[in-house]
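A.B. asks: have a look; sequence and predicted model below, questions after that.
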Amino acid sequence: MSAEAIRRHDPNHLIFGDRYGTRAGIPEPVLDAAAAHVDVLSLQSFPAVD
């Protein structure tokens, strides 16, 4: 796993996850799965288009 290799060589390294952009939100199971492997997730919420 990438996170394990990074932490082995640099235990203080901050691991960033994907950046999600959405209008409908991110499914909670996706966030839960990603959170187990990263320190930070970035979310962008876009307003609906009229």
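C.D. replies: Everything's here; your move.

A.B. asks: all contacts plus neighbour counts: C-alpha atoms, from now on.
C.D. replies: OK.

A.B. asks: can you tell me the element R19 falls in?
C.D. replies: In this structure, R19 sits in strand 16-22 according to DSSP states H and E.

A.B. asks: can you tell me the strand partners of that strand and which way each runs?
C.D. replies: Strands that pair with strand 16-22, judged by DSSP bridges, come out as strand 40-45 (parallel).

A.B. asks: report the distance from the strand it pairs with to the chain centre.
C.D. replies: 7 Å (CA atoms, centre = their mean, to the nearest Å).

A.B. asks: how about stretch 35-50?
C.D. replies: Averaged C-alpha coordinates place stretch 35-50 at 8 Å from its chain's average position (CA atoms, centre = their mean).

A.B. asks: what is F16 paired to in the beta sheet?
C.D. replies: Beta-bridge pairing of F16 under DSSP bridges involves V40.

A.B. asks: next one: it from V49, what distance?
C.D. replies: Applying CA to CA, to the nearest Å, the value for F16 to V49 is 29 Å.

A.B. asks: and for R8?
C.D. replies: 45 Å.

A.B. asks: looking at the two, which one has more neighbours?
C.D. replies: Set R8 next to V49 and count neighbours by other CA atoms under 10 Å: R8 wins out with 11 against 5.

A.B. asks: quick one: low-confidence parts of the chain?
C.D. replies: For the chain, no stretch has pLDDT under 70.

A.B. asks: could you redo the last one with a cut-off of 90?
C.D. replies: For the chain, applying pLDDT under 90 flags the ranges 1-4, 6-7, 11, 16-28, 30-38, 40-50.

A.B. asks: buried ones in the strand holding R19?
C.D. replies: Within strand 16-22, no residue counts as buried by 16 or more other CA atoms under 10 Å.
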